[in-house]
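> compute the structure for the input listed below.
(one chain, ligands or ions: 1)
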Amino acid sequence: MLTEPFVHDYVRANIWHFTGRDADLLVDTGMGICPLAPWIETPEGKPLLVVATHIHLDHVGSLHEFPWRAGPRMSAAQFESMDEAATYAYMFHDLEGAVSKLPEPGWKASDYKIPPAPLTRTLDEGDVVDLGDRQFRVLHLPGHSPDSIALFDETDGLFFSGDAIYDAMLIDDLPDSDRTAYAGTMRRLLDLPIRSGHGGHGPSFDGRRMREIASAYLRSVSAP
Ligand SMILES: [Zn+2]
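Here you go, the predicted model:
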């Protein structure tokens, strides 16, 4: 797991580098305030498949640095321009305490901009991301955002969940959030045989903890 330690914790996301036999996987790319690619070590000639779980700023900032870019089919058109209406990059411009340490002298949050990163592969429910010795099924899990996808290894229950579920405060009040859809996602997750989950924020979780988080969310949205 990699992260950006000097960025505001509201937009400090987890970046997952997973080693496969024939290819490596990178799940999400952070804000991109400093270059990410130099920190990702892969053997010479081994492909690195980068998957963006959704188009929010804290997951796609460094996506443009990598040649093999996969992401949700639903928001594919917006990856071509990194439209601020989709990434919410504008929310960072006047965020109090945006960074605790400047990446370079004179850096300003108000200049923050995400370079376009057109997808080279689009992913939707049921697609497979294959690393040779391990296959991840793509799940479409809307609610936090309409385009949220996750990667699930049905063989051993390894789960990269993005912001569909994680063990920290869930965000369901963004302009493109949908609480009804999110509740549907939580009900689906209750039946998913997760062994080890790694989300876009917060610590990793096992299946039992994930069901607790999903159940708590369902209680919160059904409360009067
Ligand atoms: Zn998000």
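> which pLDDT does the model give the closest residue to the ion within the chain?
For the chain, the residue positioned closest to the ion under Cβ to the ion is residue 56, at a distance of 3.4 Å. Any C-beta I mention is one placed from the backbone N, CA and C, and that applies to glycine too. What the model reports for residue 56 is a pLDDT of 98.
> how about the contacts made by it?
Each residue near residue 56 by Cβ atoms under 8 Å, 6 or more residues apart in numbering is listed here: 87-88, 145, 163, 174.
> helices of this protein, start to end?
Assigned by DSSP state H, the helices in the chain fall at 57-60, 76-79, 84-87, 90-93, 179-190, 207-222.
> for residue 136, find the nearest of those helices.
With Cβ to Cβ as the measure, helix 179-190 is the member of those nearest residue 136 (15.9 Å).
> what does the residue of the chain closest to the ion show for phi and psi?
Main-chain torsions, residue 56, degrees, to the nearest 10: phi -70, psi 150.
> about what we covered before: okay if I get the contacts of residue 56 as JSON lines plus pLDDT and distance to residue 219?
Compiled in JSON lines, these are given as follows (pLDDT from 0 to 100; distance: Cβ to Cβ, whole Å):
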{"residue": "87", "pLDDT": "97", "distance to residue 219": "31"}
{"residue": "88", "pLDDT": "97", "distance to residue 219": "28"}
{"residue": "145", "pLDDT": "98", "distance to residue 219": "22"}
{"residue": "163", "pLDDT": "98", "distance to residue 219": "20"}
{"residue": "174", "pLDDT": "96", "distance to residue 219": "21"}
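> for the nearest residue to residue 139 once chain neighbours are set aside, give me its contacts.
The shortest distance from residue 139 to any residue that is not its chain neighbour, by Cβ to Cβ, 6 or more residues apart in numbering, is 4.8 Å, and that residue is residue 150. By Cβ under 8 Å, 6+ apart, the contact list for residue 150 reads 53, 138-139, 141, 159-162, 164.
> from those residues, which is closest to residue 117?
residue 53 (13.8 Å).
> the closest one contacts residue 142, correct?
No: counting by Cβ atoms under 8 Å, residue 53 stays clear of residue 142, with 11.8 Å between them.
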